[in-house]
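In: Next one to model:
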Amino acid sequence: MQGAVRGVVQIWNRFQSLGLVRSTAPLRRNSLEEWTVTLLKWALLFFVISIVAGILGFTGISAASADVARILFYIFLVIFLVLLILGLTIFRV
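Out: Okay, the predicted model is just below:
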């Protein structure tokens, strides 16, 4: 499991070197939890956009933003479960 976390950190740092993300500090293991919380916030934002667009009758926008929210939530859920398992097993002090 440590290899998976290391892989995510390496991919994130590669995105930073390519200029795809604006963060100035390289990703550390402590900031991975912060990243998952940010991911959940984006999922909730797209969900709210979907609800508002659906109420206003923009069904295409509503469906698209609901799909984005669903995908972001599933990514968050996978990262959360990996960190939870790691926290309960390997990183236990």
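
In: For the protein, which segments count as helices?
Out: 2-18, 29-56, 59-88 (DSSP state H).

In: Return the member of these having the minimum mean pLDDT.
Out: Lowest mean pLDDT within the helices of the chain: helix 2-18, at a mean of 62.

In: Can you get me a residue count around residue 52?
Out: 13 (other C-beta atoms under 10 Å). (Each C-beta comes from the backbone N, C-alpha and C, glycine too.)

In: how much space is there between it and residue 46?
Out: 11 Å (C-beta to C-beta, to the nearest Å).

In: cool, and residue 87?
Out: Taking C-beta to C-beta, one finds residue 87 at 27 Å from residue 46.

In: How about residue 55?
Out: On the measure of C-beta to C-beta, residue 55 and residue 46 end up 15 Å apart.

In: who has more neighbours, the two?
Out: More neighbours surround residue 46 than the other of residue 55 and residue 46, with 20 against 9 (other C-beta under 10 Å).

In: wouldn't the more buried one be in contact with residue 72 here?
Out: Yes. Contact criterion C-beta atoms under 8 Å: residue 46 and residue 72 qualify, at 6.6 Å.
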